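# quick one, what's the 3D model for this:
(chains A, B and C)
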Amino acid sequence: MPLIDLANPSRFLAFAERALPWLAALTAALLAIGLYLALFVAPDDYQQGATVKIMFLHVPFAWLSMMCWGLMSVAGLGTLVWRHPLADVTAKAAAPIGAAFTFLCLLTGSLWGRPMWGTYWVWDARLTSVLVLFLMYLGLLALWRAVDDPSRAARAAAILTIVGAINIPIIKFSVDWWNTLHQSASVLRLGGPAIDPTILRPLLVMALAMTLLFATLLVGAMRNEILRRRVRALRLMQARAA
Amino acid sequence: MSAFTAMLARDVRLATRAGGGALMGVLFFFIVVTLMPFALGPDLALLQRIGPAVLWLGALLANLLALDRLLAVDHEDGSLDLILNAPLPLELTLVAKAAAHWLTTGVPLVVAAPLLGLMLNLEPASTAAVALTLLAGTPALTCIGLIGAALLVALRRGGLLLPILILPLTVPVLIFGVSACNAAIVGPMPFGTPFTILCALTLVSLVVGPFAAAAALRHAME
Amino acid sequence: MRLSAYNLRCVRGGCQVFDNLRFALESGEALVVTGPNGAGKSSLLRLIGGLVRIDGGTLTLEGGDAERSIGEQAHYLGHLDALKPSLTARENLLFWVQFLGGGSLDTADALEQVGLAGLADLPAGYLSAGQRRRLSIARLLSVPRPIWLLDEPTAPLDAAARDDVAALMQAHLTGGGIVVVATHAPLGLVGARELRLGAARAIAA
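Residues are numbered from 1 along each chain as shown, chains lettered A, B, ... in the order given. Prediction:
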């Protein structure tokens, strides 16, 4: 099936019905493998002990929290440029999932921080950037909730998302500048990863599993949103017919 | 008089006439800064140390006050319909409105900052730094807020949503504004480094703000 | 000059307001739009004025200024009068003349024509609904634009003022303008055509 066919909401619903079980099964399988590798194969850190294993959740959540904003920005362009209804649906369905992943990133980071720093929260540069990102997600959710008319809300949310996407690197830069206490980025480093393969491999599997989890949740949420819009349209028709 | 100056002059006139909000912001600023010592205690050494941060936070919040009404009033009385069909590009109209907001809200904050700095026991040099950074930073706050104001008009919602949408986006301005003040007072880096970045942020928001706000208003049409 | 609509369609908030709407107006012609509440009279005027998106069909203006959109060549006078209560009548009018550009008529003359010459220096907030409406109409007189889109222009006016407004519209038509007016009340325009809109329908998304 060509990708363009999916742009039609009815086709997308049919696709979602067929794809969801497969996506869910694949996610469960990869999560099982990833968790097994992370918990039983990957070695404990010589300094941090078993607590380092929170990283296998924390890092994928952090990646996905940013990837989700990127996805919403692309969907936002789709809303503004092509006025495509499925782009609206994607952006709306992705926002709460992105917010949840960002929250989990903060939560795991804070649980990790307790044994590491002796406190649940430090104003470390990366945690703080993610916190600001979380606040932006909450603002976006508030915007979506504030308006009943979905297409009007979609266009406003698209503009806020794109402005946010321009702002995220600036915020990241400012917060880094403000506080550079945390260890520097180590996976996406020029000249290859610095992490040992025994840790990197489970991390990548977990990242893939979490991305699939994100995709499963997104497709499910999009299906619900399309159905919700049909209910809304039917109710409007009922009101007009009366 | 050109269309741009006509809009600028009208908004300044509206803000300064009875019922306008020109002095609301600076009054709010004054009250917020006055409340600080009640929370922190009258320790002048402490107030001196955190004074620039208090002034910046107060100015940031005060600047938000009148933003809520910046475009909403024109929407409510139908003026926005005429503005959308004017020969002047919407982006420039919004620049004129933002400039009027800055002149009636931002500039009074800059003028009031030295007086409040005196009450917080700031040195003359740090008072000057606060006033200078506010002068450079408040246009950025106005332009970022302009986006929020346009989104709220597009959604026909107001009030509390604006700070929720806008404040996270102002984090960089706050960071570099306060950093520049602290650099001027205690160092170690020269004042120029963060101050230049603050000016760059202002220039970026001067471009992004009116364009994003105009896009929000245009897309608000059904 | 010719304003023509072909198969216009308008959807607002998931409801189809109208579809397959056609009309053509030459210079000097008026279109009177009637119909029950919610039939889309206001939507049609806002659509011509570029304030509501066209969901289908075409709207063209031949013989106009190709550099400017139809909305920029049209005056839209809706239920809201776009007046600031703290500015005087003259200041309000002067602002729109300066902002919209191309004022040919002196503002004093325009205020004279709508019968507000004596109230020019009074803040608009003190004016009655009818006086405010007449002040809005002064804007149409002082900024020349060929198309007038009037949504219930005479609603807050008394009978005498209604006749005055109808006379101003007739004068605009005689000068080669186009008027599209949504109204419940008969205006007595010479040679006006009528467009009757039906009830809106909901459509499935």
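
# so what's A:Cys105 closest to, chain neighbours aside?
Nearest non-adjacent residue to A:Cys105, counting by CB to CB, 6 or more residues apart in numbering or on different chains: A:Phe61, 3.7 Å away. C-beta here means a position set from N, CA and C on the backbone, and glycine is covered the same way.

# do stretch A:167-181 and chain B meet at all?
Yes. For stretch A:167-181, a contact with chain B is found by CB under 8 Å from any CB of the partner chain, at A:Asn167, A:Ile170, A:Ile171, A:Phe173, A:Ser174, A:Val175, A:Trp177, A:Trp178.

# picking that back up, and the gap between the residue nearest to A:Cys105 and B:Leu165?
From A:Phe61 across to B:Leu165, the span is 24 Å (CB to CB, to the nearest Å).

# which one of those two is surrounded by more residues?
B:Leu165 (28 against 23; other CB atoms under 10 Å in any protein chain shown).

# helices or strands up against the host helix or strand of the more buried one?
Using DSSP states H and E, the element containing B:Leu165 is helix B:161-166. Applying 3 or more CB pairs under 8 Å, 6 or more residues apart in numbering or on different chains; DSSP states H and E, we find helix B:161-166 packed against helix A:125-146, helix B:44-65, helix B:67-70, helix B:124-155.

# again, only using 7 Å
Applying 3 or more CB pairs under 7 Å, 6 or more residues apart in numbering or on different chains; DSSP states H and E, one finds that helix B:161-166 makes contact with helix A:125-146, helix B:44-65, helix B:124-155.

# is the last one positioned near chain A?
Yes. Helix B:124-155 is in contact with chain A by CB under 7 Å from any CB of the partner chain, via B:Ile147, B:Leu151, B:Ala154, B:Leu155.

# for the third one, what are its contacts?
Neighbouring residues of B:Ala154 by CB atoms under 7 Å, 6 or more residues apart in numbering or on different chains: A:Arg152, A:Ala156, B:Ala216, B:Leu217, B:His219, B:Ala220.

# read off the pLDDT value for it.
pLDDT for B:Ala154: 74.

# which residue packs closest to it, ignoring adjacent ones?
In space, not counting the residues next to it along the chain, B:Ala154 is nearest to B:Ala220; the distance is 3.3 Å by CB to CB, 6+ apart.

# and the pLDDT for the residue of chain B found nearest chain C?
Proximity of chain B to chain C (CB to the nearest CB) peaks at B:Gly78, 2.8 Å away. Per-residue confidence at B:Gly78 stands at 88 (pLDDT).

# quick check, the helix with the most length in chain A touching chain B?
In chain A, taking DSSP state H as the definition, the longest helix is helix A:197-241. No. Taking CB under 7 Å from any CB as the criterion, helix A:197-241 and chain B are apart, separated by no less than 14.6 Å.

# the least confident helix or strand in chain B by mean pLDDT and chain A in contact?
Across the helices and strands of chain B, mean pLDDT, DSSP states H and E gives its lowest value to helix B:67-70, namely a mean of 84. No. Helix B:67-70 is not in contact with chain A by CB under 7 Å from any CB; minimum separation 14.0 Å.

# residue numbers of chain B in contact with chain A?
Checking chain B against chain A by CB under 7 Å from any CB, the hits are B:147, B:151, B:154-155, B:157, B:161, B:164-165, B:168-169, B:171-172, B:175-176, B:208, B:212, B:215-216, B:219.

# so which strand or helix has C:Leu8?
strand C:2-12.

# where's the residue nearest to C:Asp121 when sequence neighbours are not counted relative to B:Val95, distance?
Nearest residue to C:Asp121 in three dimensions, chain neighbours excluded: C:Thr88, at 5.1 Å (CB to CB, 6+ apart). For C:Thr88, the distance to B:Val95 equals 26 Å [CB to CB].

# do the same with B:Ala154
B:Ala154 is 19 Å from B:Val95, by CB to CB.

# which residues touch C:Ala24?
C:Ala24 makes contact with C:Arg2, C:Ser4, according to CB under 7 Å, 6+ apart.

# partners of the helix or strand where it lies, with directions?
Element membership of C:Ala24, judged by DSSP H and E, is strand C:15-26. Counting by DSSP bridges, the strands paired with strand C:15-26 are strand C:2-12 (antiparallel), strand C:201-202 (antiparallel).

# now the helix or strand just after it against strand C:2-12, angle please.
Once the chain leaves strand C:15-26, the next helix or strand it forms, by DSSP H and E, is strand C:30-34. Put simply, strand C:30-34 runs at 20 degrees to strand C:2-12, going by axes from the mean of the first three to the mean of the last three CA atoms, to 10 degrees.

# partner strands of strand C:30-34, with direction?
Using DSSP bridges, strand C:30-34 pairs in its sheet with strand C:178-182 (parallel), strand C:193-196 (parallel).

# winner for burial among the ones you listed?
Comparing these by mean neighbour count (mean count of other CB atoms under 10 Å in any protein chain shown), strand C:178-182 comes out on top with a mean of 25.

# give the rounded mean pLDDT of that one.
Rounded mean pLDDT across strand C:178-182 is 89.

# stretch B:130-148 too?
For stretch B:130-148, the mean confidence score works out to 94.

# list the buried residues for it?
Applying a neighbour-count criterion of 16 or more other CB atoms under 10 Å in any protein chain shown, one finds B:130-148 buried in stretch B:130-148.

# count the neighbours of A:Trp123 for me.
Using other CB under 10 Å, A:Trp123 has 11 other residues around it.

# could you do B:Arg157 as well?
Neighbour count of B:Arg157, defined by other CB under 10 Å: 17.

# contacting residues around it?
Counting by CB under 7 Å, 6+ apart, B:Arg157 has contacts A:Ala146, A:Val147.

# same question, the one 3 residues further on
Contacts for B:Leu160 were tallied using CB under 7 Å, 6+ apart; there are none.

# separation between it and A:Leu143?
From B:Leu160 to A:Leu143 the distance is 12 Å (CB to CB).

# sorry, back to before: by neighbours, which of the residues of stretch A:167-181 next to chain B wins?
That'd be A:Ser174 among the residues of stretch A:167-181 next to chain B, by other CB under 10 Å, with 25 neighbours.

# where does the prediction get shaky in chain B?
Low-confidence segments of chain B (pLDDT under 70): B:1, B:19-20, B:158-159, B:187, B:221-222.

# let's see it at 80
Chain B contains residues with pLDDT under 80 at B:1, B:18-22, B:66, B:154-159, B:185-189, B:192, B:220-222.

# can you name the residues of it that neighbour chain C?
Neighbours of chain C within chain B, by CB under 7 Å from any CB: B:1, B:3, B:6-7, B:10, B:13-14, B:17-19, B:77-79, B:81-82, B:84-87, B:221-222.

# go again with 8 Å.
Residues of chain B lying near chain C (CB under 8 Å from any CB): B:1-3, B:6-7, B:10, B:13-14, B:17-20, B:76-79, B:81-88, B:221-222.
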